[in-house]
Every structure is written in C-alpha cells, then in structure tokens.
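Trainee: One predicted model, sequence on top.
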Amino acid sequence: MQFFGGSEINPSPQVPTASGNNAHMMYVFNRNGVCLLYKEWNRPLHTLNPQQDHKLMFGLLFSLKSLTAKMDPVNAEKGNLGVPQLPGQGCSFHSFRTNTYKLSFMETPSGIKIILVTHPKTGDLRESLKYIYGLYVEYVAKNPIYNPGSPVKSELFNTALDQYVRSIS
C-alpha cells in the first residue's frame with residue numbers, strides 16, 4: 001500500500017522467525033484488575049502510557065468475558081460476571097486474532113489472568129499459558145517473600161519466562 005509521502009506501508013506484520021520474535025507482550029492481572037506483571041519482547045509501537053495500557057487491556061478482557069457469557073446459546077444462567085469460572089465451566093474465550101496480532105487468554109480459578117499477545121499466525125497457546133501459570137505458581141506464588149497482589153519482581157521467574165517464551169516463539 002502506498003502512503004502520502006510515497007513510503008510503503010505493509011498492513012501485515014513480519015513473518016515469525018526462530019529467533020523469538022513471535023511474542024510481543026504479556027500481562028498478568030489479579031482478580032481485581034491490578035497488573036502484577038507486564039513484559040515486552042517485540043513491541044515496536046507504544047501508543048499509551050503503561051497505566052492506560054493496563055486499564056485498556058483489563059477492560060477489553062472484562063468486556064469479552066461479558067459478551068461471551070451473554071451470547072452463550074447453551075447456558076441460560078449468566079451468573080456474576082466478576083466471578084472467575086472454573087476451567088470448562090460456562091462459555092469463555094481463549095483467543096482472538098486481528099491482522100497484526102493474536103491475543104491468547106487464560107484465567108485461573110483464583111482469578112489470575114494471563115494474556116499473551118503474539119504474531120497473528122501463532123497457533124493455539126492454551127498449553128503454553130498453562131505452562132506459564134505453572135512457572136508463576138512455582139516462582140512467585142510459592143515464594144514466601146512474595147506479597148499476593150503486589151507486582152511480580154522475581155528474577156528467577158523472569159528468566160524462566162523469557163527462556164520459555166523465546167522457545168515457543
């Protein structure tokens with residue numbers, strides 16, 4: 001596509017490579033919408049400040065969860081939208097894709113929400129999100145020094161997360 005200044009604009013993102021540029025960013029929220037962790041690997045464009053970005057992402061998740069619950073053609077009981085559902089319970093979404101990214105989502109029974117934003121051609125990441133949650137439990141939740149609800153500052157977790165995300169990318 002040609003733009004005004006004669007520069008070429010390609011609406012499609014780069015094709016993923018083995019060097020780990022599939023993962024763009026990751027968020028971890030608690031049940032109250034507090035961002036416990038935000039990581040970037042490949043995010044060339046920053047349009048919002050971090051607080052606005054976190055609020056926007058949590059609002060998007062809340063809206064999508066609400067929409068999927070209300071559109072559920074099987075379950076007449078819609079329940080309390082603020083309460084996390086057990087895996088396999090009710091109608092939920094796992095991911096959505098645009099022409100420039102794919103957002104994969106997992107919510108645990110304790111209300112921890114993990115969001116991984118990747119290249120749009122990335123496959124199903126449900127097992128990867130479960131693995132990342134396992135890292136979170138092992139390095140963060142089981143850490144006696146960690147105060148639940150506070151930002152994650154574990155270097156061991158960050159190192160293990162970086163290694164794993166680069167291996168799946």
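Mentor: Now that the structure is in, tell me what you want to look at.
Trainee: C-alpha from now on. contacts and neighbour counts both.
Mentor: Fine.
Trainee: So residue 40 is in contact with residue 46, correct?
Mentor: No. Using CA atoms under 8 Å, residue 40 is not in contact with residue 46, being 10.8 Å away.
Trainee: okay, these two: which has more neighbours?
Mentor: Neighbours were tallied for residue 40 and for residue 46 using other CA atoms under 10 Å; the higher tally belongs to residue 40 (14 against 8).
Trainee: where does the nearest residue to the more buried one once chain neighbours are set aside land in three-state SS?
Mentor: Sequence neighbours aside, residue 25 is the residue nearest to residue 40 in space, at 4.3 Å (criterion: CA to CA, 6 or more residues apart in numbering). Per DSSP: H, G, I helix; E, B strand; the rest coil, the local secondary structure of residue 25 is strand.
Trainee: Any idea what residue 25 is bridged to?
Mentor: The partner list for residue 25 in beta bridges (DSSP bridges) reads residue 40, residue 117.
Trainee: show me where the chain has strands.
Mentor: Along the chain, the stretches classed as strands by DSSP state E are 23-29, 35-40, 95-97, 102-107, 113-118.
Trainee: what angle separates the last one from strand 23-29?
Mentor: Using axes from the mean of the first three to the mean of the last three CA atoms, to 10 degrees, the direction of strand 113-118 lies 170 degrees away from that of strand 23-29.
Trainee: now the angle between strand 35-40 and strand 113-118, please.
Mentor: Note on geometry: by the same axes, to 10 degrees, strand 113-118 and strand 35-40 are set 10 degrees apart in direction.
Trainee: Next, the angle from the top helix by length along the chain to strand 102-107.
Mentor: Longest helix in the chain, counting residues (DSSP state H): helix 50-71. Comparing the axes of helix 50-71 and strand 102-107 via the same axes, to 10 degrees yields an angle of 70 degrees.
Trainee: Now do the buried residues in helix 50-71.
Mentor: Neighbour-count burial for helix 50-71, counted by 16 or more other CA atoms under 10 Å, picks out 54, 57-58, 61, 65-66, 69-70.
Trainee: Only C-alpha atoms, please: export it in PDB.
Mentor: Output in PDB follows, covering the C-alpha atoms of helix 50-71 (Å, rounded to 0.1, in the frame of the first residue of the first chain):
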ATOM      1  CA  PRO A  50       1.600   1.900  30.900                       C
ATOM      2  CA  GLN A  51      -1.300   2.700  33.300                       C
ATOM      3  CA  GLN A  52      -3.700   3.400  30.400                       C
ATOM      4  CA  ASP A  53      -2.500   0.300  28.500                       C
ATOM      5  CA  HIS A  54      -3.200  -1.900  31.500                       C
ATOM      6  CA  LYS A  55      -6.600  -0.400  32.100                       C
ATOM      7  CA  LEU A  56      -7.500  -0.800  28.400                       C
ATOM      8  CA  MET A  57      -6.400  -4.500  28.300                       C
ATOM      9  CA  PHE A  58      -8.200  -5.400  31.500                       C
ATOM     10  CA  GLY A  59     -11.400  -3.600  30.200                       C
ATOM     11  CA  LEU A  60     -11.100  -5.500  26.900                       C
ATOM     12  CA  LEU A  61     -10.900  -8.800  28.800                       C
ATOM     13  CA  PHE A  62     -13.900  -7.900  31.000                       C
ATOM     14  CA  SER A  63     -15.900  -6.900  28.000                       C
ATOM     15  CA  LEU A  64     -15.100 -10.000  26.100                       C
ATOM     16  CA  LYS A  65     -15.900 -12.200  29.000                       C
ATOM     17  CA  SER A  66     -19.200 -10.400  29.400                       C
ATOM     18  CA  LEU A  67     -20.000 -10.800  25.700                       C
ATOM     19  CA  THR A  68     -19.200 -14.500  25.600                       C
ATOM     20  CA  ALA A  69     -21.300 -15.100  28.700                       C
ATOM     21  CA  LYS A  70     -24.300 -13.200  27.400                       C
ATOM     22  CA  MET A  71     -24.100 -14.800  23.900                       C
END
